[in-house]
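Undergrad: Mind looking at a prediction? Sequence and model below.
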Amino acid sequence: MTRDASVVDERRSPVGDRPRGLDIAAFAAVGLSAATTVLIGLLGPSAMVPRLPGPSWQPSYSLDVHPGPHLVIAMGVVAIVLGGLGLAAALRSRWGPDPRLLLAAGCAVSGLLVFLPPSGSADHLNYAAYGRLVTLGQDPYAITPAALPGDPVTGAVEEWAGVTSVYGPVATAVQALASLVGGDSVRLTVFVMAVVNAAAFIGTALLLHRFAKGNADLQRRAALLWVANPLMIYHLAAGIHVDTLAVACMVAALTVRGAASGLMLGVGIGVKLNAGLVALGPAWELRRSPGRLTVVAGTATATVVAIYAVAGPHVLDQVSAASKRVSLATPWQLVKVGLQSLFGPGAYSVWIQIGSLLLMACLAWLVLRVLPVDTAPAVAAAMVVAWLFAAPYALPWYDGLAFALLAMASWPALEAFMVARGTVLSLAYLPAREIARPEDLLWTKTLLRETVVPWTLLALTVALAWWAARAGRRARRRPASAAPRP
């Protein structure tokens, strides 16, 4: 599944164009954002960086200066705002550095972050705990970390100690491997996971660079959307979320053919179930080749069945429970509050689930009508973006899948919506650790996360639907020979 050779981004000027001041400022902002993310980790434990119990001689390493919460939260705001604005401007720029320079810089930052404590969330403590449960002979899909509060690893979990694993068996296997190496040390366990995460992050970058081979502008955009994307550096490289593994599998699936593609699709779904939306891309592209479609679909299905059968059907219990949740920063939180005010207390899970599925179907239909090119990555990108904007439960690091797919689809209009969404949603989840938020910053949750961000994302969702509807009408009016443009 390779890029259609006829798809060339003619909107961009040649690489040799002279940079304007705005161009330089855009790329400088991208670099400063990444540097700020590195600095947050380098400073050590804080409201943005959970402490990692374990011998100090083990990686990761930091200055261990314990910066104040107001300082590191402000640094988080700087990293996100500079990153979002810089990325948006850099993607629109007619000038850019050599894509190999962006690739190398992004890989270097990702490699450096391996040796610093993760920042941006405390999820890696959950990962370490689930892996620890496996090595102790327990089932992380049936036993919570809270069941072993005295253990040095499971006892380090901060917010989700009473929740069983929501991740796929492949993710759990990686976590168990890290626990085997790390033993009683949270620090070493997390470092092993960081190494695996960096390998996936850099590997994805190399695949995307190769996918756009022969077009320096597309390679530059691919680097900006993934490895040099300051939002992805902040969430996936520094935050070491398992989403990175799922993205790597799905990008690999879209760059190979036949049974290999099906295998990688299956493994990706084995990391996170919702990554399966990507499979709709190859299914659409191969719809006129029944034999090839059967091989890919058959291999993917067999892989998924085998992975989940080994772990047991109860693996999906927590996924099912999670599908009924509504995260505070999504527009569905506004719907939930509205329903509660009208009809009384209740989660109204079924109503919200049905509404989100209808919204996703509507957005997907609208966006698919303006596909820049009829390829597997473009179709998959449309489906994933529709899901992200419609999902009742969404966190900023989920956006990594969309950014990677858009890097393969060359779809500037949709990229702009994702940059805006990623920036706004990222601001909602400061600081990384709820327990470390100062009392005078409680408004960042009650006002920003629960009110401002949901209304902003609602406006973005309406704007996305409006843009897609208008672009779809324009596309239908074009002559049949004209290639559709976003």
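TA: Yep, that arrived.

Undergrad: Next, the distance between the ends of stretch 154-169.
TA: End-to-end distance for stretch 154-169: 19 Å, by Cα to Cα, to the nearest Å.

Undergrad: Quick check: buried residues in that stretch?
TA: 154-158, 160-161, 164-169 (16 or more other Cβ atoms under 10 Å). (Each C-beta comes from the backbone N, C-alpha and C, glycine too.)

Undergrad: swap in stretch 367-387?
TA: Result for stretch 367-387 [16+ other Cβ under 10 Å]: buried residues 367-373, 375-387.

Undergrad: Give the helix, strand or coil label for the spatially most central residue of the chain.
TA: Central residue of the chain (Cα atoms, centre = their mean): Gly400, 2.7 Å from the mean position. Following DSSP: H, G, I helix; E, B strand; the rest coil, Gly400 is assigned to helix.

Undergrad: Assess the claim that it and Met250 are in contact.
TA: No - taking contacts as Cβ atoms under 8 Å, Gly400 lies outside contact range of Met250: 10.2 Å.

Undergrad: Would you confirm that Phe403 contacts Val227?
TA: No - counting by Cβ under 8 Å, Phe403 stays clear of Val227, with 10.3 Å between them.

Undergrad: so what sits against both of the two?
TA: When Cβ atoms under 8 Å, 6 or more residues apart in numbering defines a contact, no residue borders Phe403 and Val227 alike.

Undergrad: more crowded one of the two?
TA: Applying other Cβ atoms under 10 Å to Phe403 and Val227 shows that Val227 carries more neighbours, namely 29 against 26.

Undergrad: Let me know the distance separating that one from Ala29.
TA: 17 Å (Cβ to Cβ, to the nearest Å).

Undergrad: so where do the helices sit in the stretch 201-350 of the chain?
TA: 216-225, 230-232, 243-255, 258-271, 280-285, 290-311, 317-322, 331-343, 349-368 (DSSP state H, counting those that start in this stretch).

Undergrad: closest one to Ala74 among the ones you listed?
TA: Ala74 lies closest to helix 230-232 among the helices of the stretch 201-350 of the chain, at 16.4 Å (Cβ to Cβ).

Undergrad: which strands and helices sit next to the closest one?
TA: When contacts are defined as 3 or more Cβ pairs under 8 Å, 6 or more residues apart in numbering; DSSP states H and E, helix 230-232 packs onto helix 21-43, helix 69-92, helix 400-409, helix 412-428.

Undergrad: Which among those is found nearest to Ala198?
TA: Counting by Cβ to Cβ, Ala198 lies closest to helix 21-43 out of the helices and strands packed on helix 230-232; the figure is 13.0 Å.

Undergrad: how many neighbours does Arg257 have?
TA: Number of residues near Arg257 (other Cβ under 10 Å) recorded here: 15.

Undergrad: Give me the distance from the lowest-mean-pLDDT helix or strand in the chain to the chain's centre.
TA: Across the helices and strands of the chain, mean pLDDT, DSSP states H and E gives its lowest value to helix 317-322, namely a mean of 78. Chain-centre distance of helix 317-322: 20 Å, with Cα atoms, centre = their mean, to the nearest Å.

Undergrad: Just the CA atoms of that helix, as CSV, please.
TA: Only the C-alpha atoms of helix 317-322 are listed here, as CSV (Å, rounded to 0.1, in the frame of the first residue of the first chain):
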residue,chain,number,x,y,z
ASP,A,317,-14.4,-6.2,30.4
GLN,A,318,-12.5,-3.0,31.3
VAL,A,319,-12.7,-1.8,27.6
SER,A,320,-16.4,-2.2,27.7
ALA,A,321,-16.6,-0.2,31.0
ALA,A,322,-14.3,2.5,29.6
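
Undergrad: Since that was my last question, I'll sign off now.
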